[in-house]
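# coordinates for the following, if possible.
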Amino acid sequence: MAIGVNSYGSVSACEGLVKKYAGSGFSTTTNPTLLQVEGYIDRVSGIVNVLLAEQGYDIPVVDADGKLALDEFVNQTAAALCEAANSSGRFFSERAAETGTFTMIAQEAEAFIVQHAQGFEDLGAARSRHLATAWMGDKPIAIAEVV
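As a prediction, this is how the structure comes out:
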C-alpha cells in the first residue's frame, strides 16, 4: 500500500523523525510497521482535509508552500503516533488517555488550519468559499458564509 493521493507527508520524512523506531526504513518487522505508518499518514491527512474543507479550501492543497506546511504537520503527527506505538511521546500521555488521540489530533489540526488560513490563501491555496469567524472563548467558530 502507498499513501493516498489526497494525503500530505511521506513515509521517508516520518522515518527521518523517528529513526530509532524506523531503523533503515519502516518494514513489516518494525514497530510500527510500514503499513501502519502509511495508515497514520492517510488518517491524519483525512482529518486535515475535512478541516480544510470546512474552512472552504479545495482539497488537497497543492500550492507548494501550503502543501509543505501541511506535509510537515502530518509528518510530525505521524511521527508522534510512531512514538505512541512504542510507549512514548505526546500521544502516550495522561492527556491522550483522557481526551483520546483522535481528539488531540483534530484539535491541533483545527488550530493550525484556522490560525494560518489567511496565509494558506495568500500563498495560493484554492478556496472556494470563505467563512466569517467569531471566537467562543479560545475556540474559533464559523458563523456565516461570506460572499
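
# mind checking how far S87 is from G39?
S87 sits 19 Å away from G39, going by Cβ to Cβ, to the nearest Å. From N, CA and C alone the C-beta is placed, and that goes for glycine too.

# and the spatially most central residue of the chain, how far from T28?
Central residue of the chain (Cα atoms, centre = their mean): V74, 3.8 Å from the mean position. Shown here: V74 relative to T28, a distance of 23 Å by Cβ to Cβ.

# give me the secondary structure label for F73.
Classification of F73 by DSSP: H, G, I helix; E, B strand; the rest coil places it in helix.

# can you pull the contacts of it?
8-9, 48, 109, 112 (Cβ atoms under 8 Å, 6 or more residues apart in numbering).

# greatest separation within those: which pair is it?
Using Cβ to Cβ, those span at most 13.6 Å, a distance reached by G9 and F112.

# what about S87 and G39, which has more around it?
Comparing S87 with G39 by neighbour count (other Cβ atoms under 10 Å), the higher total belongs to G39, at 16 against 8.

# pLDDT wise, what is the more buried one at?
pLDDT, G39: 98.

# and whatever helix or strand it lives in, what's buried?
Element membership for G39, per DSSP states H and E: helix 34-54. Across helix 34-54, burial judged by 16 or more other Cβ atoms under 10 Å covers 34, 36-45, 47-49, 51-52.
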